[in-house]
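Chemist: Sequence and predicted structure are below.
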Amino acid sequence: MGKYRSEAKKLLELIGGKDNIASVTHCATRMRFALVDEAKANVKEIQGLPTVKGTFTNAGQFQVIMGNDVGDFYKDFIGLSGIESASKEDVKKAAMTKQPLLQRMVAHLAEIFVPLIPALVAGGLMLGLGNFLGQEMKSLGVKVAEDGKTIYNSLKDISQIAKIIYFFTDWIGGAVFGMLPVLVCWSTVKKFKGNEALGIVLGLMLVSGVMLNAYVYGNISASRELADKGVYLRDILIDGSAKYAGLFKKGDPFSIDAGKYILNLGFSKIMLIGYQAQVLPAMFAGIAMCYIEKFFNKRTPEVLKLVWVPFVTLVVTGVLTLLFIGPVARTLGEWLTEIFKFLFKTPGLKYLGALIFGTTYAPLVITGLHHTFIAVDLQLSATGGGTFIWPLIALSNIAQSGAVLATYFLYKKDKKQESVSMSATVSACFGITEPAMFGANLKFMYPFYAALVGSAVGALISTAFDVMATGIGVGGLALAFLSIKEGIIAFWLASIAAFGLSFGLTFVFSKTKLNKKG
């Protein structure tokens, strides 16, 4: 008899019985159910079971937090109930059929980007560390340039060890974000059941050296000096940079051969611009490729499929991407970033944007809609050299960690809750807030309200001082600062405010009517 057999039997009863379970699986710490009728689940009594640390519903799945012993509990539950073991994909499909259209769309988006998060976090931390090592440090000594201007040394300029570390940060971080379309294409094609190897090839096509690097394109496009003189990127590509050499600032890395990045189709000339660090072109191209592959797969004799289908799929997708998909998706991405820049950079309006984001991000986590901001962060990083959204996300997570730590002290008499709150505090400090939110803050509600206040104040400080991150990093108090590119001191102030207010207000709110159990 299994260790958890008795408790598993009780959970089966409380969840509505075998007939109420469409499918079930588990992850590292949670049982994941796709229920026929969620109203039949007795949430209050389920949360009272000794092994259960909390419950929540996300993406149509009823999830029961068990902790590290979830694997053993799951085995006993499956053996007792007679339900066949399901994969995570099966549970997702069963749960998705009950979701509204918007949530289904967000779920698809999440399934593309969530598998990439480990690589994105590693790349973001590397770029952040590289930015720190490469910053000019006035306290570390000076040198005088030939033109008489004083230049302050950076850590990598005065330390060989720092220089070596800087190489690795640039190497790894550059690989992740420079080759981002490869990751996005692969994940998109995998999601839409296409040939993953072709997805990787398509991603490599988008960053191929036969096209002008997107970073160089961005530098030229953003050059006010060129724009003021009426010179545009198309002129430079057609005529070559030599004609405009006198217009470039000293040290600009522009060396463009005449006609090299123009594809003459006879009826039209196409600028060949790469998609380094771009998200939407890679995602849309990947989706298109899957449908193109399926189209030719159905209409090609079996004997020719191995040769003909991959060939024609890549050719057709490549042509469509050059002519339509790439330019349209790039433009959509630029519009998206301009909208967020307008909301968070316009004087006066940016404070309203900060308040709205600070108070709504955590509620969006409950619905799963927060995954949409991964694409926004990546797009901002690609076109603007950094993202001001990610620091706000990190501050929201930090606020949740402050609130859940307060519940550890408030519920010390409840040993189960004390354990849940402490473990959730640790995970929240590294940016994983679901245990904190669903195991304590949402359970009592008043800590959640305190965290929203802390998050909003932190967002106001961050936005006021234009804090910028290199990209996505670890969104918690422990390592968040490593990804900050601009405004590190302001970010620390915002973090202290978010954590401290959430922690303190949780105690204050526990003495008010907000604490309905008090």
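Modeler: Done, it's in.
Chemist: Give me the buried positions along the helix or strand encompassing residue 442.
Modeler: Here residue 442, judged by DSSP states H and E, is contained in helix 442-444. Judged by neighbour count using 16 or more other CB atoms under 10 Å, the buried positions of helix 442-444 are 442-444. In this view, the C-beta of every residue, glycine as well, is placed from N, C-alpha and C.
Chemist: buried residues in the helix or strand that it is followed by?
Modeler: Next in sequence after helix 442-444, counting helices and strands by DSSP H and E, comes helix 446-464. Neighbour-count burial for helix 446-464, counted by 16+ other CB under 10 Å, picks out 446-463.
Chemist: quick one: secondary structure of the residue nearest to residue 326 when sequence neighbours are not counted?
Modeler: Leaving aside its chain neighbours, residue 326 sits nearest to residue 281 (4.8 Å; criterion: CB to CB, 6 or more residues apart in numbering). Residue 281 falls in the helix class when you classify it by DSSP: H, G, I helix; E, B strand; the rest coil.
Chemist: list the contacts for residue 281?
Modeler: Residue 281 is in contact with 181, 206, 275, 321, 325-326, 329-330, 333, counting by CB atoms under 8 Å, 6 or more residues apart in numbering.
Chemist: what's the offset of whichever helix or strand residue 398 is part of from the middle of its chain?
Modeler: In the assignment (DSSP H and E), residue 398 maps to helix 389-410. The chain centroid and the centroid of helix 389-410 are separated by 18 Å, computed with CA atoms, centre = their mean, to the nearest Å.
Chemist: Just list what it packs against, helices and strands only.
Modeler: Using 3 or more CB pairs under 8 Å, 6 or more residues apart in numbering; DSSP states H and E, the elements in contact with helix 389-410 are helix 349-367, helix 372-384, helix 415-429, helix 434-436, helix 446-464, strand 468-469, helix 488-510.
Chemist: quick one: it to helix 372-384, angle?
Modeler: Relative orientation of helix 389-410 versus helix 372-384 (axes from the mean of the first three to the mean of the last three CA atoms, to 10 degrees): 140 degrees.
Chemist: mean confidence for helix 389-410?
Modeler: On average, the pLDDT along helix 389-410 is 93.
Chemist: What residues of it count as buried?
Modeler: So, applying 16+ other CB under 10 Å, buried residues of helix 389-410: 389-408, 410.
Chemist: swap in stretch 32-51?
Modeler: 32-35, 38, 41, 43, 46-47, 49, 51.
Chemist: From the opening residue of that stretch to its closing one, how far?
Modeler: By CA to CA, to the nearest Å, the extent of stretch 32-51 from end to end equals 15 Å.
Chemist: Contacts for that stretch, please.
Modeler: Applying CB under 8 Å, 6+ apart, the set of residues contacting stretch 32-51 is 4, 7, 10-11, 14-17, 19-26, 52, 54-55, 57, 60-64, 66-67, 69, 73, 88, 91, 94-95, 416, 443.
Chemist: Verify the stated contact: residue 288 with residue 326.
Modeler: No. Counting by CB atoms under 8 Å, residue 288 sits too far from residue 326 to count as a contact (10.5 Å).
Chemist: Have a look at these two and say which one is more surrounded.
Modeler: residue 326 (25 against 20; other CB atoms under 10 Å).
Chemist: Closest to the centroid, which residue in this structure?
Modeler: residue 374 (3.1 Å; CA atoms, centre = their mean).
Chemist: Do you know the pLDDT at the residue nearest to residue 188 when sequence neighbours are not counted?
Modeler: Nearest non-adjacent residue to residue 188, counting by CB to CB, 6+ apart: residue 286, 3.2 Å away. For residue 286, the pLDDT comes out at 95.
Chemist: Residue 498 now?
Modeler: In this model, residue 498 is scored at 95, pLDDT.
Chemist: Quick check: closest non-adjacent residue to it.
Modeler: residue 458 (3.2 Å).
Chemist: if we can go back for a sec, and the residue nearest to residue 188, what does it touch?
Modeler: Here residue 286 is in contact with 184-189, 192, 194, 199, 202-203 (CB under 8 Å, 6+ apart).
Chemist: ok, which pair from the residues you listed is furthest apart?
Modeler: Using CB to CB, the contacts of residue 286 span at most 14.2 Å, a distance reached by 192 and 203.
Chemist: Those two: which has the busier surroundings?
Modeler: residue 203 (25 against 19).
Chemist: pLDDT score assigned to that one?
Modeler: Model confidence at residue 203, given as pLDDT, is 94.
Chemist: Kindly report the same for residue 273.
Modeler: 83.
Chemist: for stretch 311-326, which positions count as buried?
Modeler: 313-314, 316-318, 320-322, 325-326.
Chemist: What are the boundaries of the strands in the stretch 101-250 of the chain?
Modeler: 142-144, 150-152 (DSSP state E, counting those that start in this stretch).
Chemist: and those, which one's lowest on average pLDDT?
Modeler: strand 142-144 (a mean of 49).
Chemist: Give me the distance between the closest residue to the residue nearest to the centre of the chain other than its chain neighbours and residue 81.
Modeler: Among residues not flanking residue 374 along the chain, residue 113 sits closest, at 4.3 Å (CB to CB, 6+ apart). Using CB to CB, to the nearest Å, residue 113 is found at 34 Å from residue 81.
Chemist: Looking at the two, which is more packed in?
Modeler: residue 113 (24 against 17).
Chemist: residues contacting the more buried one?
Modeler: Residue 113 touches 184, 187, 371, 374-375, counting by CB under 8 Å, 6+ apart.
Chemist: can you name the two of those residues that are farthest apart?
Modeler: Counting by CB to CB, the most remote pair of those is 184 and 371, 13.9 Å apart.
Chemist: quick one: which of the two has more around it?
Modeler: residue 184 (29 against 21).
Chemist: so the more buried one makes contact with residue 284?
Modeler: No. Using CB under 8 Å, residue 184 makes no contact with residue 284, being 9.9 Å away.
Chemist: tally of neighbours for residue 209?
Modeler: 7.
Chemist: And for the one 5 residues further on?
Modeler: For residue 214, the number of neighbouring residues by other CB under 10 Å comes to 23.
Chemist: Excluding chain neighbours, what is closest to it?
Modeler: residue 276 (4.0 Å).
Chemist: just residue 128 next, same as before
Modeler: Closest residue to residue 128 apart from its sequence neighbours, by CB to CB, 6+ apart: residue 483 at 3.8 Å.
Chemist: same check, this time on residue 119
Modeler: Nearest residue to residue 119 in three dimensions, chain neighbours excluded: residue 176, at 5.5 Å (CB to CB, 6+ apart).
Chemist: For that neighbour, give me its contacts.
Modeler: 119-120, 122-124, 126, 183.
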